[in-house]
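> can you look at this prediction? I've put the sequence above it.
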Amino acid sequence: MTRTASGTTDTIDVLVVDDDFRVAKVHRTFVERVEPFRVVGVVGTGEQVADAVDALHPDLVLLDLYLPDVFGLDVIPRLRTAGHDCDVMVISAAREADAVRGAVRHGVVDYLLKPFAFDDLRTRLERYAHQRGRLLATVVHGQADVDRVLAGAPVPASTAGALPKGMSAETAALVERALRDAEGTLSAAECATSTGISRVSARRYLEYFHTTGSAEVSLRYGTAGRPERRYRFRGRPTGLRPGGEARA
């Protein structure tokens with residue numbers, strides 16, 4: 001993803017790496033449902049990764065660890081040695097502590113366990129896009145700015161990004177008020193009822209607040225079916241002013 005002189009954001013190009021073509025197809029479908037991401041290639045072995053990165057220059061690699069020729073994490077130093085600075089997100093069934101620690105040491109941006117639902121990947125992709133945009137927009141004037149970036153703290157108002165494409169400040173303000181007014185936690189269905197927007201839209205805005213650190217999520221388990229995601233307000237998202245106006 002690059003930022004043009006006008007401040008607009010281009011697509012985030014993704015390379016999917018998985019040796020199971022059926023799984024890779026699902027991952028590709030999931031990624032392309034999330035803006036501004038697009039899949040530029042799919043490969044199934046570690047040896048193919050370097051060639052694909054050379055040719056396609058992706059911003060982000062979704063990397064499986066159980067590849068037929070190498071362990072996935074061994075691909076990362078090869079990419080760095082070749083001069084590639086693309087980010088890597090691990091998507092794997094590997095639950096071993098050594099694999100997770102190794103991924104952290106190699107600087108991956110996230111680690112998602114298989115199997116997972118679309119919403120699990122979407123949340124991580126949107127968080128990645130938000131953090132990447134924040135870093136691209138950050139101007140470092142001194143040590144305080146460096147410390148803020150390393151801590152993952154919000155950037156000052158002058159460098160904060162706008163809402164994701166397709167989201168409005170007015171609707172975000174409605175959802176924020178619903179979160180603030182909620183006694184305890186709020187579900188997407190309850191948010192939709194109180195704001196008059198669709199449940200799907202309510203869920204998207206709530207997840208956006210979660211990715212920006214403005215809301216926390218907990219799961220409520222019922223007697224059957226999937227657990228319900230519930231949200232609690234923590235603070236104002238950095239892209240909004242009081243009253244719902246987006247910062248310039």
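Everything's here; your move.
> thought residue 69 was touching residue 46?
Yes - distance between residue 69 and residue 46: 5.1 Å, which falls inside the contact criterion (CB atoms under 8 Å). (Each C-beta comes from the backbone N, C-alpha and C, glycine too.)
> neighbour count winner among those two?
Neighbours were counted for residue 69 and for residue 46 using other CB atoms under 10 Å; residue 46 has more, 21 against 12.
> just checking, next helix/strand downstream of the helix-or-strand element of the chain with minimal mean pLDDT?
Across the helices and strands of the chain, mean pLDDT, DSSP states H and E gives its lowest value to helix 143-151, namely a mean of 63. Note on helix 143-151: by DSSP states H and E, the next helix or strand toward the C-terminus is helix 169-181.
> on contacts alone, who are the packing partners of that following helix?
In terms of contacts (3 or more CB pairs under 8 Å, 6 or more residues apart in numbering; DSSP states H and E), helix 169-181 is packed against helix 188-195, helix 199-211, strand 228-233.
> so what's the gap between the second one and the chain middle?
Its chain's average C-alpha position is 13 Å from that of helix 199-211, according to CA atoms, centre = their mean, to the nearest Å.
> any buried residues in whichever helix or strand comes after it, and which?
Next helix or strand after helix 199-211 toward the C-terminus (DSSP H and E): strand 215-220. Counting neighbours by 16 or more other CB atoms under 10 Å, one finds that the buried residues in strand 215-220 are residue 215.
> just checking, residue 103 touches residue 111?
Yes - applying CB under 8 Å, one finds residue 103 in contact with residue 111, separated by 5.3 Å.
> higher neighbour count, the two?
Between residue 103 and residue 111, counted using other CB under 10 Å, the more crowded position is residue 103 (23 against 18).
> phi, psi for the more buried one please.
Residue 103 adopts backbone torsions of phi -60, psi -40, taken as degrees, to the nearest 10.
> what sits against it?
Listed by CB atoms under 8 Å, 6 or more residues apart in numbering, the contact partners of residue 103 are 73, 90, 111.
> and the closest residue to the first one other than its chain neighbours, which helix or strand is it part of?
The one in question is residue 73. Nearest-residue entry for residue 73: residue 102, 5.0 Å, with adjacent residues in sequence omitted and distances by CB to CB, 6 or more residues apart in numbering. Assigned by DSSP H and E, residue 102 belongs to helix 97-105.
> ok, now residue 41?
Per DSSP H and E, residue 41 falls inside strand 37-43.
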